[in-house]
Structures are given as structure tokens and as C-alpha cells.
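A.B. asks: return a 3D structure for these sequence lines:
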Amino acid sequence: MKIPMKLIKILAIALFSAAYLTTASAANSRAKVIYEGNKARAVEAVLSAANSKTVDIRRVIEDGNFVVTHGRYLSDNDATLGFEIFKFEGDKIVDRASNFQKDTGVNPSGRTGLDGPYIVGDLDKTESNKRLVESYFSDAFLKGDFSNFETYFDGDHYIQHNLAIPDGISALFAYITDLADNGVTVKFEKIVKVVAEGNFVLIVSEAVYGDQPTSFYDLYHVVNGKIAEHWDVIGPLRE
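C.D. replies: Modelled structure (predicted):
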């Protein structure tokens with residue numbers, strides 16, 4: 001039986017979408033995620049550059065002509081967490097930035113550097129969430145002003161995916177205090193970029209960690225106007 005060309009095209013599109021669904025959502029089957037447009041192009045760019053690595057892309061957010069991917073890169077003897085930022089002109093990638101760190105497993109609260117919510121929602125709150133997170137980061141880390149710190153959170157409820165820190169605002173303060181007590185300083189110098197879509201906001205910043213120029217990529221999940229969850233990747237600052 002001859003298959004009509006129209007049906008062949010439909011099947012090809014379905015297979016193409018399924019490939020993105022399988023690779024991008026990986027082990028996370030709680031919801032079906034199919035990326036389109038520049039999100040799909042960014043995912044394709046990550047996968048095509050992966051070579052022999054297996055890539056689990058867990059989150060993709062888009063803000064204007066920027067697309068951010070957040071995932072884990074697995075090879076035979078190595079696991080790496082990473083963010084990649086793609087700048088588009090139309091449907092063409094014109095710039096690409098990234099930050100990676102070794103994946104060491106789970107943090108003291110049993111969370112990984114990748115698990116947690118990944119569905120983008122609250123699109124109508126993108127700008128207000130972006131202002132909230134940028135204000136928090138600027139106050140706390142650039143200015144060292146903690147006078148309004150608690151207003152950004154719902155009590156001590158704060159889900160943490162940093163691999164060294166347990167859940168809770170009190171745990172974050174304890175970790176920062178412990179660093180200072182051990183003579184380790186982190187001096188944030190500037191926010192480089194803010195990318196947001198709905199309930200997810202990424203802050204890219206530069207700091208001197210100890211005596212090392214360092215790049216921080218901090219992703220925040222905002223729920224009902226409060227910062228609820230945090231993922232990060234910390235790596236050496238590259239020229």
C-alpha cells in the first residue's frame with residue numbers, strides 16, 4: 001500500500017517531536033515536555049555538541065532572544081551539571097555561554113543538583129518574578145544588605161539543590177557563616193545577566209570565591225511571590 005506523502009510528513013514530525021521528548025525529559029516522565037521554536041533549537045545544539053555523553057536536559061526557559069538549558073551530562077566516568085545560554089537572532093544561534101561543575105551526587109537533604117519542578121508556569125508573572133529575584137540577589141549578595149532578607153521567602157521554607165547545603169534559609173545562613181569562620185570569602189562583583197520565564201529566574205553573576213574569579217549561575221523557582229527553590233552551578237570564570 002502506498003503511504004500518502006501528507007501522512008509521511010505527519011509521521012516525520014511526530015518522530016522528531018518524540019526524539020526531543022525522550023531526550024529532554026529523560027528519566028523524568030512525570031509530564032510530557034516537547035520543545036518548539038528556539039527552545040527546540042537550543043536543545044538540538046546541546047545534544048549535537050554532546051558527542052559520546054548522555055544529556056538529561058531537565059529545564060528550558062526562554063526570555064526574548066535568549067534560551068537557557070539546565071541539565072546533567074553523563075559519560076563513562078564523569079557526571080557534570082551545567083547551564084547553557086543561547087542568544088538567537090531570528091532562528092539562528094549567534095552566541096553561547098555556559099557554566100559547568102562536577103555532579104557529586106546528593107546534598108545533605110538528599111536532593112540532587114537537577115531534580116525538582118521543571119514545568120514553566122505563571123507566564124503573566126515573569127516580570128514581577130524577575131524583579132523579585134534580582135532585588136533579592138542585589139540586596140543580599142552585591143550590597144550585603146540582609147535587612148529585608150526574610151521578606152523574599154515563606155518563613156524557613158526553601159528547597160536547596162546546592163550540593164553542599166541542606167534545605168532552609170537558616171541552613172543557608174549557617175553555611176555562609178561557616179565559610180566566613182573558616183576564612184573563605186565570596187565577594188560578588190556584578191550581575192551579568194538575568195533570564196526569566198514565568199516561575200523560573202536565572203541570575204548569572206561574577207564573584208571572587210576565595211581568591212579565584214568565579215562564575216555563578218543561580219536558578220530560582222518562585223511560588224506565589226516568594227523564592228521557594230534554588231539550583232546553582234559554580235565554575236571558574238572564563239574570559
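
A.B. asks: now the residue lying closest to residue 216 once chain neighbours are set aside: phi and psi?
C.D. replies: What sits nearest to residue 216 in space, not counting adjacent residues and going by C-beta to C-beta, 6 or more residues apart in numbering, is residue 205, at 4.7 Å. To be clear about C-beta, it is placed using only N, CA and C from the backbone, and glycine gets the same treatment. Residue 205 has phi and psi values of phi -140, psi 170 when expressed as degrees, to the nearest 10.

A.B. asks: and if you look at the one 5 residues further on?
C.D. replies: Backbone geometry at residue 210, expressed as degrees, to the nearest 10, gives phi 70, psi -110.

A.B. asks: next, the spatially closest residue to it that is not a sequence neighbour: secondary structure please.
C.D. replies: Closest residue to residue 210 apart from its sequence neighbours, by C-beta to C-beta, 6+ apart: residue 184 at 5.6 Å. Classification of residue 184 using DSSP: H, G, I helix; E, B strand; the rest coil returns coil.

A.B. asks: what does residue 139 give?
C.D. replies: At residue 139, secondary structure determined by three-state DSSP is helix.

A.B. asks: first vs last residue of stretch 135-153, how far apart are they?
C.D. replies: 13 Å (C-alpha to C-alpha, to the nearest Å).

A.B. asks: so the residue nearest to residue 216 makes contact with residue 188?
C.D. replies: Yes: contact status for residue 205 versus residue 188: in contact at 5.7 Å, counting by C-beta atoms under 8 Å.

A.B. asks: who's in contact with residue 71?
C.D. replies: By C-beta atoms under 8 Å, 6 or more residues apart in numbering, the residues touching residue 71 are 46, 55-59, 81-82, 114.

A.B. asks: please repeat the previous calculation with a cut-off of 10 Å.
C.D. replies: 23-24, 26, 43, 46-47, 50, 55-60, 80-84, 114 (C-beta atoms under 10 Å, 6 or more residues apart in numbering).

A.B. asks: spit out the contact partners of residue 116.
C.D. replies: 28, 58-59, 159, 161, 219, 221, 228-231.

A.B. asks: swap the cut-off to 8 Å and go again
C.D. replies: Residue 116 neighbours (C-beta under 8 Å, 6+ apart): 159, 161, 221, 229, 231.

A.B. asks: ok but it is inside a helix, no?
C.D. replies: No: counting by three-state DSSP, residue 116 falls outside a helix, being coil.

A.B. asks: quick one: what helix or strand has residue 136 in it?
C.D. replies: Following DSSP states H and E, one finds residue 136 within helix 126-137.

A.B. asks: which parts of stretch 180-200 are buried?
C.D. replies: By neighbour count on 16 or more other C-beta atoms under 10 Å, the buried set for stretch 180-200 is 188, 191, 194-200.
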